[in-house]
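K.L.:
Below is the sequence, then the predicted model.
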Amino acid sequence: MSELNSPVLSLADVTLEYPDGDGTVTALDHVTINVDAGEMVSLVGPSGSGKSSLLAVAATLVKPTSGLVTIDGMEATGLSDKALTTLRRDKVGIIFQQPNLLASLTAAEQLIIGDHLRGKSLRAAASRAAELLEIVGLADSARKRPHQLSGGQRQRVNIARALMGSPSVLLVDEPTAALDHERSESIVRLLRQVTDDFQVATVMVTHDTEFVPLTDAVATMRDGVLAAAVSTMSPVGAR
Ligand SMILES: Nc1ncnc2c1ncn2[C@@H]1O[C@H](COP(=O)(O)OP(=O)(O)OP(=O)(O)O)[C@@H](O)[C@H]1O
């Protein structure tokens, strides 16, 4: 359980070094970021600046060289691999650029299979899947397979699937990279809506700076260094 007013996602003084020949490359250099429930932060910066590394560390997929990662009050860097897997499964939703849907499964089955494998009853998983497909605007497409869906619809399935486990944190990597402008905007608006409705802490890596005003704050990476997040709210309200 998160304490009142404490951030849901917190990276504190996180450094990540990768081996590089005889030396190391510093992908994250003393990065600190806090994201609250219902807050959506855009993460921008040039290629190679460390954005994907930040998401990987926040997702607990990569252990930082130093610093602390806390999710919903649980400090991740000290946990065993087993406890980390449980934390990730229960608390973290990840949305990659490419939806990576299974070709033979319907939209509903893409959502149900993960939950069922995690031990949830088929009935409960199917009911949650139906609810989420409706939220992402795909109630009529539950029985369609990936090839029968547009790119935008496939990304909506991807978003619904990430929400199946009721995560506290949503980590999104370039969700609009493969979409045209109109579909890109509707996907970012959907991410905004689910961030608000489910009160998740969302970090979205994006190159589309025009959608940044739909988010609460923008954080900029450069050479592994994260500049302090800047609020996107104008005095008259940017949203
Ligand atoms: N597995 C790895 N092994 C070694 N170096 C890596 C690894 N992953 C990333 N790096 C290096 O870490 C730095 C940050 O890379 P990262 O992929 O996090 O940047 P990025 O901002 O996400 O870039 P892009 O926008 O191109 O995806 C780069 O110098 C990259 O070459």
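P.N.:
Received it, and whenever you're ready, just let me know what you need.
K.L.:
helices and strands around the lengthiest helix in the chain, which ones?
P.N.:
Once the chain is assigned using DSSP state H, the helix that runs over the most residues is helix 181-198. Contacting helix 181-198 under the criterion 3 or more CB pairs under 8 Å, 6 or more residues apart in numbering; DSSP states H and E are the following elements: strand 40-44, helix 151-163, strand 169-173, strand 201-205. C-betas here are computed from N, CA, C, even on glycine.
K.L.:
give me that answer again for 10 Å
P.N.:
Applying 3 or more CB pairs under 10 Å, 6 or more residues apart in numbering; DSSP states H and E, one finds that helix 181-198 contacts strand 40-44, strand 92-95, helix 122-135, helix 151-163, strand 169-173, strand 201-205.
K.L.:
Please confirm that Thr220 is located within a strand.
P.N.:
Yes - using DSSP: H, G, I helix; E, B strand; the rest coil, the secondary structure at Thr220 is a strand.
K.L.:
tell me which parts of the chain are close to the ligand?
P.N.:
Tyr18, Val25, Ala27, Gly45, Ser47, Gly48, Ser49, Gly50, Lys51, Ser52, Ser53 (CB under 6 Å from any ligand atom).
K.L.:
farthest pair in those?
P.N.:
Checked with CB to CB, these reach their widest spread between Tyr18 and Gly45, with 17.3 Å between them.
K.L.:
who has more neighbours, these two?
P.N.:
More neighbours sit around Gly45 than around the other of Tyr18 and Gly45, counting by other CB atoms under 10 Å; the figures are 20 against 12.
K.L.:
quick one: that one from Asp223, how far?
P.N.:
Between Gly45 and Asp223 the computed distance is 9 Å (CB to CB, to the nearest Å).
K.L.:
Now do the phi/psi pair for the residue nearest to Gly38 when sequence neighbours are not counted.
P.N.:
Once flanking residues are discounted, Gly38 sits nearest to Gln199: 4.5 Å by CB to CB, 6 or more residues apart in numbering. In this entry, Gln199 is assigned phi and psi values of phi 50, psi 50 (degrees, to the nearest 10).
K.L.:
got a pLDDT number for the residue sitting nearest the centre point of the chain?
P.N.:
The centroid of the chain falls nearest to Leu171 when counting by CA atoms, centre = their mean (1.5 Å). With respect to pLDDT, Leu171 scores 98.
K.L.:
Same check on Gly237?
P.N.:
Taken from the predicted model, the pLDDT recorded for Gly237 is 42.
K.L.:
got it, and Ser141?
P.N.:
Here the pLDDT value assigned to Ser141 is 96.
K.L.:
Quick check: it vs the ligand, distance?
P.N.:
Applying CB to the nearest ligand atom, to the nearest Å, the value for Ser141 to the ligand is 30 Å.
K.L.:
State the number of residues packed around that residue.
P.N.:
For Ser141, the count of nearby residues is 19 (other CB under 10 Å).
K.L.:
what sits against the closest residue to it other than its chain neighbours?
P.N.:
Using CB to CB, 6+ apart and skipping residues adjacent in sequence, the residue nearest Ser141 is Ala107, 5.5 Å away. Applying CB atoms under 10 Å, 6 or more residues apart in numbering to Ala107 gives the contacts 101, 129, 133, 136, 138-139, 141-146, 148-149, 153-154, 156-157, 160-161.
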